[in-house]
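Novice: Okay, here's the prediction I keep looking at, along with the sequence it came from:
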Amino acid sequence: MSSTSSLDAESLGNYLSSHIESFEGLQSIEKFSGGQSNPTFLITANSGQYVLRRQPPGELLKSAHAVDREFKVISALRDTHVPVPIAYHLCEDRSVIGSMFYVMSYEAGRIFWNAALPELDKPQRGLVHHQLIEVMAAIHNVDLEAVGLSDYGKGKNYFERQIGLWTKQYRAAETETIDNIEQLISWLPANMPADIENVTLLHGDYRLDNVILHAQEPRIIAVLDWELSTLGNPVADLAYFCMGLRLPGGISMPGLAGLDRQELGVPSEEEIVARYCELRGIENIPNWNFYLVFSFFRLCSICQGVYKRALMGNASNEKALDVGKTVHVLSDLAVDLI
């Protein structure tokens with residue numbers, strides 16, 4: 001973490017003291033390293049530690065960096081089987097620190113960035129990956145009416161809308177013509193499966209480094225980064241999670257491609273899909289490659305947005321310029337699945 005931040009400590013401290021019950025005596029603000037989208041800070045006060053997530057400064061793409069949606073969903077999930085931080089306050093007054101932000105509880109635990117989990121032994125790796133599958137299924141099993149999220153997204157025609165959205169987002173951030181991207185933009189709508197009847201809550205960016213694990217146990221205590229959450233086809237989350245098995249090392253989001261997953265104790269793609277289907281009480285998933293291709297394309301669009309913001313000087317992380325190279329790698333992998 002960096003000990004410096006661009007936040008006005010005096011203004012923020014006064015605001016939080018008057019809007020969060022029991023908040024008292026802001027001591028320090030530290031910016032978390034990692035993460036390319038919404039800048040995230042550790043707030044230390046006399047009353048304890050908190051986490052602040054804000055929109056990045058500068059001009060933003062429409063519908064991106066939706067911290068207000070993050071706040072809504074973690075608030076709604078507080079009393080479900082999905083582990084989330086406590087949502088304390090959403091500030092829509094941009095005059096306080098220059099952009100919208102929210103504050104949640106600080107959950108002390110472990111965040112792993114490498115899906116191979118070299119810090120753990122083989123049995124622990126398997127337990128962590130199975131926990132990831134179980135929590136993903138819990139997200140998709142949430143009763144939307146009961147938690148007040150039935151209006152959280154349009155739900156129906158999910159992939160039609162998503163292909164349109166991420167194509168538009170990509171075009172808005174486009175910096176060069178990439179032939180593989182053009183092929184994906186044509187292929188996806190032409191090969192889209194039929195819509196489903198029962199939509200669910202989707203996390204939208206479900207992966208290892210977006211969860212906090214217990215300090216000693218292979219147990220998830222909080223799911224983070226709900227910025228891309230919505231309602232739709234749950235296979236989107238599953239395919240995105242499995243995409244990590246196919247990502248190579250040496251890119252901004254390294255995966256497990258080329259590693260001996262059996263030796264590592266990491267379940268195979270087939271095992272992950274089978275366990276997920278078991279937990280959700282469904283049979284096999286047809287058109288699997290479509291969902292993987294869509295996941296790669298969506299990540300291409302996200303990375304292109306990060307890269308464009310870096311060129312504009314608005315990126316949250318100094319490594320954001322490197323993300324531009326990732327778009328080429330991801331589009332190659334996607335086209336190979338067509």
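Specialist: The structure has been received and is ready for your questions.
Novice: And the helices in the chain?
Specialist: For the chain, the helices defined by DSSP state H occupy 9-19, 67-76, 122-140, 144-147, 158-173, 179-190, 235-243, 261-264, 269-280, 288-312, 323-336.
Novice: and the second one, what does it pack onto?
Specialist: Applying 3 or more CB pairs under 8 Å, 6 or more residues apart in numbering; DSSP states H and E, one finds that helix 67-76 contacts strand 48-54, strand 87-91, strand 101-105. C-beta: built from backbone N, CA, C; applies to glycine.
Novice: so who does the closest residue to residue 287 other than its chain neighbours touch?
Specialist: Nearest-residue entry for residue 287: residue 193, 4.5 Å, with adjacent residues in sequence omitted and distances by CB to CB, 6 or more residues apart in numbering. Residue 193 is in contact with 159, 286-287, 290, counting by CB atoms under 8 Å, 6 or more residues apart in numbering.
Novice: Pull the most distant pair out of those residues.
Specialist: Spatial extent of these (CB to CB) is set by the pair 159 and 286 at 13.7 Å.
Novice: buried set for stretch 283-299?
Specialist: By neighbour count on 16 or more other CB atoms under 10 Å, the buried set for stretch 283-299 is 285, 288, 290-299.
Novice: Tell me which two in these are the farthest apart.
Specialist: Of all pairs in the buried residues of stretch 283-299, the most separated under CB to CB is 285 and 299 at 19.5 Å.
Novice: picking up where we left off before, go through the buried residues of stretch 283-299 and say which is closest to residue 29.
Specialist: Of all those, residue 29 sits closest to residue 299, with 30.7 Å by CB to CB.
Novice: Residue 68 versus the most centrally placed residue in the chain, what's the distance?
Specialist: What sits nearest the mean C-alpha location of the chain, by CA atoms, centre = their mean, is residue 205, with 2.8 Å. Taking CB to CB, to the nearest Å as the measure, residue 205 falls 17 Å from residue 68.
Novice: Show me where the protein dips below the pLDDT cut-off.
Specialist: Under the criterion pLDDT under 70, the flagged ranges of the chain are 1-5, 34-36, 57-65, 252, 314-318.
Novice: and the gap between the closest residue to residue 13 other than its chain neighbours and residue 53?
Specialist: Residue nearest to residue 13 in three dimensions, not counting chain neighbours: residue 26, with 3.4 Å by CB to CB, 6+ apart. As judged by CB to CB, residue 26 and residue 53 stand 17 Å apart.
Novice: quick one, which of these two is more surrounded?
Specialist: residue 53 (24 against 21; other CB atoms under 10 Å).
Novice: State the distance from that one to residue 99.
Specialist: Counting by CB to CB, the gap from residue 53 to residue 99 is 10 Å.
Novice: and what of residue 153?
Specialist: 23 Å.
Novice: Same question for residue 108.
Specialist: Counting by CB to CB, the gap from residue 108 to residue 99 is 27 Å.
Novice: Can you pick out the residue with more neighbours from these two?
Specialist: Neighbours per residue, other CB under 10 Å: of residue 108 and residue 99, the larger number sits with residue 99, 18 against 11.
Novice: can I assume that one is in contact with residue 52?
Specialist: No - using CB atoms under 8 Å, residue 99 is not in contact with residue 52; the gap is 11.0 Å.
Novice: For residue 256, find the nearest of the helices and strands packed on helix 67-76.
Specialist: Within the helices and strands packed on helix 67-76, the stretch nearest residue 256 is strand 48-54; the backing value is 28.2 Å (CB to CB).
Novice: Can you show me the CA trace of the closest one as PDB?
Specialist: Extracted as PDB, the C-alpha positions of strand 48-54 are listed here (Å, rounded to 0.1, in the frame of the first residue of the first chain):
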ATOM      1  CA  GLY A  48     -11.200   1.100  13.600                       C
ATOM      2  CA  GLN A  49     -10.300   0.400  10.000                       C
ATOM      3  CA  TYR A  50     -12.600   0.900   7.000                       C
ATOM      4  CA  VAL A  51     -12.300   0.600   3.200                       C
ATOM      5  CA  LEU A  52     -13.200   3.400   0.800                       C
ATOM      6  CA  ARG A  53     -13.900   2.800  -2.900                       C
ATOM      7  CA  ARG A  54     -14.200   5.700  -5.200                       C
END
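Novice: Give me the helices and strands touching that strand, please.
Specialist: With contacts taken as 3+ CB pairs under 8 Å, 6+ apart, strand 48-54 sits against strand 40-45, helix 67-76, strand 101-105.
Novice: so what's residue 103 up against?
Specialist: So residue 103 contacts 16, 20, 43, 50-52, 88-89, 91 (CB under 8 Å, 6+ apart).
Novice: Same check on residue 201?
Specialist: By CB under 8 Å, 6+ apart, the residues touching residue 201 are 73, 139-140, 142, 144, 149, 152, 229-231.
Novice: I'd like the distance between it and residue 77.
Specialist: Distance from residue 201 to residue 77, counting by CB to CB: 8 Å.
Novice: per-domain residue ranges of this structure.
Specialist: Per the record, the chain has its domains at 9-105, 122-336, by automatic domain parsing.
Novice: would you turn those domains into a markdown table with distance to residue 114?
Specialist: Compiled in a markdown table, the domains of the chain are given as follows (distance: least, CB to CB, whole Å):
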| stretch | distance to residue 114 |
| --- | --- |
| domain 9-105 | 12 |
| domain 122-336 | 7 |
